[in-house]
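Novice: coords below, sequence missing:
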C-alpha cells in the first residue's frame with residue numbers, strides 16, 4: 001500500500017486523481033479478455049466496489065454475458081446477474097470504450113505457435129487497441145503470462161508511440177494471474193497478488209488497487225521480476241510433474257504402485273511435497289509457460305536443459321498411455337487397438353472443470369484414432385467439444401452416456417480425468433477393461449485384474 005499522504009505531493013496530478021478514485025472505489029475498470037482469467041477478476045473487482053466494463057472480441061460470448069449467462073461452468077450466473085442489475089458490469093466488443101476506463105487490465109491468451117515459440121499477438125494487438133484510445137491518467141496492467149521483459153520491452157513502447165509517457169502521463173504495471181479454475185477454496189480474492197510496476201508510482205497505485213480486491217498484495221522490484229515469478233511457479237510444477245511421471249514409468253516396470261509410494265512418502269512432515277502423475281499436462285499455464293522462459297533465455301545465450309527435459313517427459317506421456325492401453329488390450333482381450341471401441345472418461349484437462357485448453361484427452365483421442373481405434377468420450381462438464389486451435393477436427397463431438405449397460409459395450413475404458421460427478425466404481429465394475437491414469441478406481445475402492453494403472 002502506498003503512503004498516500006506523501007504520494008499525493010510527489011506524483012503527477014493525473015496519478016493523484018487516480019489514487020483518489022481507487023481509494024473511493026470510484027474507478028472504472030476495463031477488463032480485456034473475459035475468459036478463465038478475466039471474468040473471475042471482473043467479478044472480484046465488482047465485489048470490491050468498482051464498476052467494470054468487460055471487453056472481448058467474441059460477440060456471442062458478450063451477448064450471453066450481458067444476458068446474465070456465464071460462459072464458465074465454475075462461475076455461476078447469479079453473481080453476474082446481480083452485477084448487471086446493479087449497473088456495475090457491462091460487456092462489449094466496442095474497443096472505443098477503452099477510453100472510459102481509469103484502469104485497464106489485460107487478460108488475453110499467450111499461447112505457443114506451431115513451432116512451440118511464444119505467440120504474443122493477442123498482447124500486442126490489445127496494446128495497440130489501447131494505444132489508439134489511451135488518455136492521460138489511465139493505468140494499464142498486463143496480467144497475461146509471458147516472458148520477463150514483455151511489459152517494458154513490448155507493451156510500453158507501443159503505448160508510448162502515442163506521445164504519452166509511462167510514469168508521467170499514464171501508469172504501467174504487471175501482475176500475473178494466478179487463477180485455478182474450479183478451486184472453491186482459493187478463489188480470485190483469496191490468492192495473494194504479485195505486482196511489479198514501471199516505476200514506484202505505478203507500483204504504489206497498482207498495489208493500492210489490488211489491495212482492495214485480494215487478500216494480500218506482494219510488491220516486487222520490477223515488472224520483469226513479477227513476470228519471472230509467474231513462470232517460476234509453473235515451471236516448478238511442470239518439472240515436478242515430469243519427475244513423478246518418470247517415476248511412474250520406472251516403478252511400473254518394477255511392479256511397484258507409484259500412487260502407493262506417493263501416499264506413503266506424503267506422511268513425511270518435511271522435505272517432501274506430493275505431485276500426482278497423469279496422462280499429460282493440460283491447462284493454459286503448465287504446458288506452455290516453461291517455453292516462454294526457454295525462448296527468452298536463448299537471447300542471453302543460456303541453455304535450459306532441465307526445463308526442456310521436463311517438457312519432453314510430459315509431452316511423451318499421452319503416447320506412453322496409448323502404448324499401455326494397447327498392451328492391456330493385447331494381453332486381456334487378445335486384440336489390438338485397430339477397430340477397438342474405447343470410452344474416454346474425461347475430456348477436460350483436470351477434475352471438475354469444463355476447461356479443454358491443452359487437454360491431454362484431445363491428444364489421446366487423436367493418437368488412439370490414428371491407431372485405428374473408435375473413440376467416444378464421457379464428460380459431464382463438456383457436453384460438446386468446442387473448436388480448438390490444435391484439434392479442430394474434434395469440434396462438435398458430444399459426450400455419450402456412461403451407464404453400466406453402455407460401458408459394457410466398449411473394449412476398454414480409459415480414465416483420463418477423474419471428475420467427482422462420474423461414478424468410477426460403477427463404471428469399473430461394468431467395464432471389460434479399465435486403463436486408469438488417475439488412480440480413480442482404487443480411490444473408489446474397486447480393484448481387479450481388469451483394472452490397469454497407467
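Specialist: That came through, no problem. Computed from a predicted model, the values in this text were never measured in an experiment.

Novice: for the stretch 151-300 of the chain, what spans make up the helices?
Specialist: Secondary structure of the stretch 151-300 of the chain (DSSP state H, counting those that start in this stretch): helices located at 156-160, 200-211, 223-253, 258-265, 289-299.

Novice: what's in contact with the shortest one?
Specialist: Contact partners of helix 156-160, identified using Cβ atoms under 8 Å, 6 or more residues apart in numbering, comprise 124, 127-128, 130-131, 134, 140, 166, 170, 172, 198. For glycine as for every other residue, the C-beta is placed from the backbone atoms N, C-alpha and C.

Novice: before we move on, back to that, between the helices of the stretch 151-300 of the chain, which gets nearest to residue 414?
Specialist: Taking Cβ to Cβ, helix 223-253 is the member of the helices of the stretch 151-300 of the chain nearest to residue 414, at 15.9 Å.

Novice: quick one: buried residues of the closest one?
Specialist: Residues 223-224, 226-231, 233-235, 237-239, 241-242, 244-249, 251-252 are the ones in helix 223-253 that count as buried (16 or more other Cβ atoms under 10 Å).

Novice: stretch 66-77 too?
Specialist: Of all the residues in stretch 66-77, those buried under the rule 16+ other Cβ under 10 Å are 68, 70-75.

Novice: let's have the residues you listed in TSV, adding pLDDT, distance to residue 392 and secondary structure.
Specialist: Converted to TSV, these look like this (pLDDT from 0 to 100; distance: Cβ to Cβ, whole Å; DSSP: H, G, I helix; E, B strand; the rest coil):
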residue	pLDDT	distance to residue 392	secondary structure
68	95	30	coil
70	92	25	coil
71	90	19	coil
72	87	22	coil
73	80	22	coil
74	80	25	coil
75	86	26	coil
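
Novice: count of neighbours near residue 395?
Specialist: Other residues near residue 395 number 11, with proximity taken as other Cβ atoms under 10 Å.

Novice: got phi/psi on it?
Specialist: Backbone torsions of residue 395, given as degrees, to the nearest 10, read phi -60, psi 140.

Novice: quick one: the spatially closest residue to it that is not a sequence neighbour from residue 417, how far?
Specialist: Leaving aside its sequence neighbours, residue 395 sits nearest to residue 387 (Cβ to Cβ, 6 or more residues apart in numbering; 4.1 Å). Computed as Cβ to Cβ, to the nearest Å, the residue 387 to residue 417 distance reads 20 Å.

Novice: so for these two, which residue has more residues nearby?
Specialist: Set side by side, residue 387 and residue 417 show more neighbours around residue 417, with 28 against 10, by other Cβ under 10 Å.

Novice: quick one: pLDDT of that one?
Specialist: Looking at residue 417, its pLDDT stands at 97.

Novice: in which helix or strand would I find residue 342?
Specialist: Assessed by DSSP states H and E, residue 342 sits inside strand 341-345.

Novice: still on that earlier bit, just send the contacts of helix 156-160 back as TSV, with neighbour count, distance to residue 157 and pLDDT too.
Specialist: Formatted as TSV, those follow (neighbours: other Cβ atoms under 10 Å; distance: Cβ to Cβ, whole Å; pLDDT from 0 to 100):
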residue	neighbour count	distance to residue 157	pLDDT
124	15	11	98
127	25	9	98
128	13	11	98
130	25	13	98
131	18	10	98
134	23	13	97
140	30	13	98
166	22	10	96
170	27	13	96
172	23	11	98
198	23	12	97
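
Novice: and which of these is nearest to residue 279?
Specialist: residue 124 (33.7 Å).

Novice: the closest one reaches residue 154, doesn't it?
Specialist: Yes. Using Cβ atoms under 8 Å, residue 124 makes contact with residue 154 at a distance of 6.5 Å.

Novice: farthest-separated two in the buried residues of stretch 66-77?
Specialist: Greatest spatial distance among the buried residues of stretch 66-77 (Cβ to Cβ): 68 and 74, at 16.4 Å.

Novice: what's the mean pLDDT across stretch 437-446?
Specialist: 96.
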